[in-house]
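> coordinates only, sequence not included:
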C-alpha cells in the first residue's frame, strides 16, 4: 500500500489533507514539521499549508527525500523559496473562490483538470516566480502562479486548497499525486 505522509506546517486544513488521502485508501499519517525526514518512511510527502514561513521546521529538508513532494499553499511557497523562486504578498488577501486556468493538459499533476477548475485559495502570499526547473501549470486572474510542476524532481505545488469542499476537483489533485507516488515507488 502506498504511504504518503502529511508534514504539518500548522495549517488549519492539515487534517483535511490527511482525511482525503485516507479516504482514497492511502496509508497516511500527519507528522509535525519538527520531525526530521530521516525519521519518516514514505512513498510521497505533502507539505501542508500554514500561517508563517517562520514556522516551517524541517519542511525544506523533505525536498531531498527522493520521493514525490506536493506543496499546498505555504507548502508550495516554501518549495519555491528554497529552490530559488520568489514569493511575495498577493494583491488579494483572504480566501476566495477562484477559477484557475490550467496551462498544460499533459502535465501529470494538474493536466487532467484542464482547461480550468474552480478552487478555494488564499492569496495573502504567493509564488511570484517559479524556481529553475519548474513550469507554471496554472494561473488565475488574481495570481500568476496557481500551480507549478518539476516533473524531473517530482516536486509539485498548488496555491489553492484541494482538500476543502469548495475546491471542485480537489480529490482529483490527490489522486494524480497518488499516481505519481505509485509510479515513483
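That came through fine. Fair warning: this is a prediction, and the values are worked out from it, not measured in the lab.
> just the strands in the protein please.
3-8, 27-32, 44-47, 69-72, 86-89, 95-102, 116-122, 125-129, 135-139, 147-150, 155-158 (DSSP state E).
> looking at the ones you listed, spot the one closest to residue 173.
Across these, residue 173 has its closest neighbour in strand 155-158 (6.6 Å, C-beta to C-beta). Where C-beta positions appear, they are placed from N, C-alpha and C, glycine not excepted.
> tell me what the closest one is packed against?
Applying 3 or more C-beta pairs under 8 Å, 6 or more residues apart in numbering; DSSP states H and E, we find strand 155-158 packed against strand 69-72, helix 74-82, strand 147-150, helix 170-184.
> partner strands of it, with direction?
Strand 155-158 has these partner strands in its sheet, going by DSSP bridges: strand 69-72 (parallel), strand 147-150 (antiparallel).
> show me what counts as buried in that strand.
155-158 (16 or more other C-beta atoms under 10 Å).
> what's the answer for stretch 5-20, then?
Neighbour count says stretch 5-20 has 5-11, 13-14, 16-18, 20 buried, by 16+ other C-beta under 10 Å.
> among the residues you listed, which two are most distant?
10 and 20 (18.4 Å).
> re the thing from before, got JSON lines for the strands of the chain, with mean pLDDT and distance to residue 185 too?
Below are the strands of the chain laid out as JSON lines (pLDDT from 0 to 100; distance: least, C-beta to C-beta, whole Å):
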{"stretch": "strand 3-8", "mean pLDDT": "98", "distance to residue 185": "9"}
{"stretch": "strand 27-32", "mean pLDDT": "97", "distance to residue 185": "12"}
{"stretch": "strand 44-47", "mean pLDDT": "98", "distance to residue 185": "9"}
{"stretch": "strand 69-72", "mean pLDDT": "98", "distance to residue 185": "14"}
{"stretch": "strand 86-89", "mean pLDDT": "94", "distance to residue 185": "31"}
{"stretch": "strand 95-102", "mean pLDDT": "93", "distance to residue 185": "26"}
{"stretch": "strand 116-122", "mean pLDDT": "93", "distance to residue 185": "27"}
{"stretch": "strand 125-129", "mean pLDDT": "95", "distance to residue 185": "28"}
{"stretch": "strand 135-139", "mean pLDDT": "98", "distance to residue 185": "23"}
{"stretch": "strand 147-150", "mean pLDDT": "98", "distance to residue 185": "19"}
{"stretch": "strand 155-158", "mean pLDDT": "98", "distance to residue 185": "16"}
